[in-house]
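> Sequence first, predicted coordinates after that:
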Amino acid sequence: MSKVFFPPILRALAAAAASICIAGTSLAEPQHGIAMYGDPALPPDFVSLPYANPNAPKGGRIVQGEVGSFDSLNPHILKGRVPWQLRFLGYESLLGRSYDEPFTLYGLLAESVETGPNREWVEFTLHPDAKFSDGSPVTVEDVLWSYETLGTVGHPRYHGSWDKVASAEAVGDRTVRFTFNVDDRELALIMGLRPILKKAQWDGVDFAESGLDTIPIASAPYVIDDYEPGRFVSLKRNPDYWGNEIPFRRGTHNLDEIRMEFFGDATVMFEAFKAGELTTMRETNAAKWDQQYNFPAIERGDVVKSLIPHERPSGIRGFVMNTRRAPFDDWRVREAMMNAYNFEFIRETLDGGESPRITSYFSNSVLGMEPGPAEGRVKELLEPLSDDLLPGALEGYALPVSDGSARNRAGTRAALDLLEQAGWTVQDGVMKDADGNPFTFEIVLSQGSTETKQITDIFVESLDRLGIMPVVTTIDSAQYKERTTTFDFDMAWYARGLSLSPGNEQMLYWSADAAETEGSRNWMGATNPAVETLVNEMLNSASRDDYIAAVRALDRVLISGRYVIPTWHSPISRIAHAKELQYAAGALPAYGDWIGFQPDVWWYEE
């Protein structure tokens, strides 16, 4: 359906609420923030976000390391490889997220937000002082152009919500209204989280093809100061940033420079950190944290090891199987791979046995599925969908557990039985089908991760005991992005973070449309209609309890789909950093983890 646009004559939001109140509360007048259910926790006159230090000093720098490369500075299009931080540091949206409230947004570029009685529309009124980095004001025309451009030629992640907008119009000098064509309570929030771009900068420029040619003019606290393709990007704090004194920004973005250095592999990057070329390092391997973070700078106290707990969902991380291709289009084969993957031995060998396994897509959170058979509201949601469910969704599904030995005899036997059910048997030491074709597939990895390569090597040894010898292809980051964008792989290493406010974006991750859309996050090719039914249940839940039940039901469908062979996660962020880099340790965001926490609310102090 085409949108209706009105010129700017006279005249935020995306992800939702930790409140336990019943949905249905509407905003009768403009408010300072919006929650999915109930009201925002912070009052209109709040001073700062609870985990920020409003008195933090300004100055200093942070130097972060990344494995890989980049060839674009536009994070809003499908083409190119972009430093992932630019999407969050280089742009602002109408509303901003509080990492203490996963379902609440507060005013940023917009000073207020208002919705219809049933959230059939949402209005944002721009802050009168909102400006781009070149000093020009942010206008309603910029907002409307940004939404239309991102929703039509921007990255596919923006298209789904834009398709649900019936009209977008200026209704005042500083106010814009979006009217929706579907019932979806979350849309009022989602529309507040889109980046706002300066329309005039893109006149005569092919937005979908832009890469390094156009350094964006944005309204965020940081601007790109210098870069070298594939080597580094330097962001400098804008001394004339318009929003220093708005409550949402007090105590945030305190560092004068954020620099990202790029390396060919993780080993070289770690050595650079030890040598002082980087000032922060996030470590995901518990054994390495205990055994290798004892170098001179730490012994001198120049580098500090911080353990930062969080309550974010684990997300999913491990080997993803492409169900668009045989043999992974058969769930029994995927289950056989789960049994062959000797998790307990791999974790003990590489991680010291410390980190817990990812047992579902929302592990480590209230949204994660509960063990055993489905009960209560979760069962009520799943039973009508039983024809589309794989074994375990209703009855209960648990990942295979080995005895921890290298041989994994029980797992190997279980894998052989499942493969035989799927038509595969060992013939002359080689796994073959009834026609004598060998079982073979390709595992695609990106260069640079030593740990991933080590996990793969142990997994390949386990597969060898089944008469299966996969081809392992390690390629550079550009090739890896190209192949995964076009789903040109059998198995690949996959990592997808999930939040405590899942909503419309789940369609981009797991829907049938996403399975056919290049560049989507549905690498596994999931096409189960039960997924889309449950996502719709989430979006239209009348209460927080119903919402949690819908997410737990979705979690069961995903984990029993056997799409990903999961590895471990950490409920603790391990961050080693220069002693001058500090944060408010007594007020950690419950759900912020690393993203949204460093460098946002850190500061530099001698």
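Right, received. Where do you want to start?

> W523 contacts M321, correct?
No. If you go by C-beta atoms under 8 Å, W523 and M321 don't touch, sitting 9.1 Å apart. All C-beta spots, glycine's among them, are computed from the backbone N, C-alpha and C.

> if you count what's nearby, which of the two comes out ahead?
M321 (29 against 23; other C-beta atoms under 10 Å).

> Leaving out chain neighbours, which residue sits closest to the more buried one?
Nearest non-adjacent residue to M321, counting by C-beta to C-beta, 6 or more residues apart in numbering: F328, 4.0 Å away.

> In three-state terms, label that neighbour for me.
Applying DSSP: H, G, I helix; E, B strand; the rest coil to F328 yields a three-state assignment of coil.

> Can you get me a residue count around it?
F328, neighbours per other C-beta under 10 Å, totals 21.

> What does the pLDDT read for it?
F328 is assigned 98 on the pLDDT scale.

> before we move on, what about P566?
97.

> Verify the stated contact: it with V320.
No. Using C-beta under 8 Å, P566 makes no contact with V320, being 9.9 Å away.

> ok, the closest residue to H253 other than its chain neighbours to Y583 distance?
Distance criterion C-beta to C-beta, 6+ apart; nearest residue to H253, sequence neighbours excluded, is P221 at 4.0 Å. Distance from P221 to Y583, counting by C-beta to C-beta, to the nearest Å: 17 Å.

> out of these two, which sits in the busier spot?
Neighbour count, other C-beta under 10 Å: between P221 and Y583, P221 has more, with 25 against 22.

> Can you name the residues that contact the more buried one?
Applying C-beta atoms under 8 Å, 6 or more residues apart in numbering, one finds that P221 lies in contact with R237, N238, Y241, G243, N244, R249, T252, H253.

> if we go to 10 Å?
Residues near P221 by C-beta atoms under 10 Å, 6 or more residues apart in numbering: 89-90, 92, 133, 235-239, 241-244, 249, 252-255, 258, 600.

> For ChimeraX, write the selection for the buried entries among those residues.
Of those, the buried ones go into a single ChimeraX selection, burial set by 16 or more other C-beta atoms under 10 Å:
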select :89,90,92,133,235,236,237,238,241,242,243,249,252,253,254,255,258,600
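
> State the helix or strand in which F345 lies.
Per DSSP states H and E, F345 falls inside helix 343-351.

> which residues sit against that helix?
284-289, 318, 342, 353-358, 399-408, 411, 450-451, 454-459, 461-462, 565-568, 570.

> Name the residues contacting each of W523 and M321.
Here W523 and M321 share the contacting residues F489, A492, Y494, Y563, V564, scored by C-beta under 10 Å, 6+ apart.

> Show me whatever sits in contact with both of P566 and V320.
Residues touching both P566 and V320 by C-beta under 10 Å, 6+ apart: Y494.

> Strands of the stretch 151-300 of the chain, start to end?
Using DSSP state E, counting those that start in this stretch, the strands assigned to the stretch 151-300 of the chain run over residues 165-170, 175-180, 222-228, 232-237, 257-263, 280-283.

> on contacts alone, who are the packing partners of the last one?
Right, the one you point to is strand 280-283. Judged by 3 or more C-beta pairs under 10 Å, 6 or more residues apart in numbering; DSSP states H and E, the packing partners of strand 280-283 are strand 61-67, helix 266-274, helix 286-292, strand 303-309, strand 572-578.

> Give me the residues contacting that strand.
62-65, 269-270, 272-274, 289-290, 292-293, 303, 305-306, 308, 570, 573-578, 581, 593-594, 598-599, 602.

> so for the helix or strand hosting E537, what's the average pLDDT?
Using DSSP H and E, E537 sits within helix 529-539. The average pLDDT within helix 529-539 is 95.

> Extract the C-alpha set from that helix and format it as CSV.
The C-alpha coordinates for helix 529-539 follow below in CSV (Å, rounded to 0.1, in the frame of the first residue of the first chain):
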residue,chain,number,x,y,z
PRO,A,529,4.0,-20.8,10.2
ALA,A,530,3.9,-21.3,14.0
VAL,A,531,6.7,-18.8,14.3
GLU,A,532,4.7,-16.0,12.7
THR,A,533,1.5,-16.9,14.6
LEU,A,534,3.4,-16.6,17.9
VAL,A,535,5.2,-13.4,16.9
ASN,A,536,1.7,-11.9,16.2
GLU,A,537,0.6,-13.1,19.7
MET,A,538,3.5,-11.2,21.2
LEU,A,539,2.7,-8.0,19.4
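
> Good, we can wrap up now.
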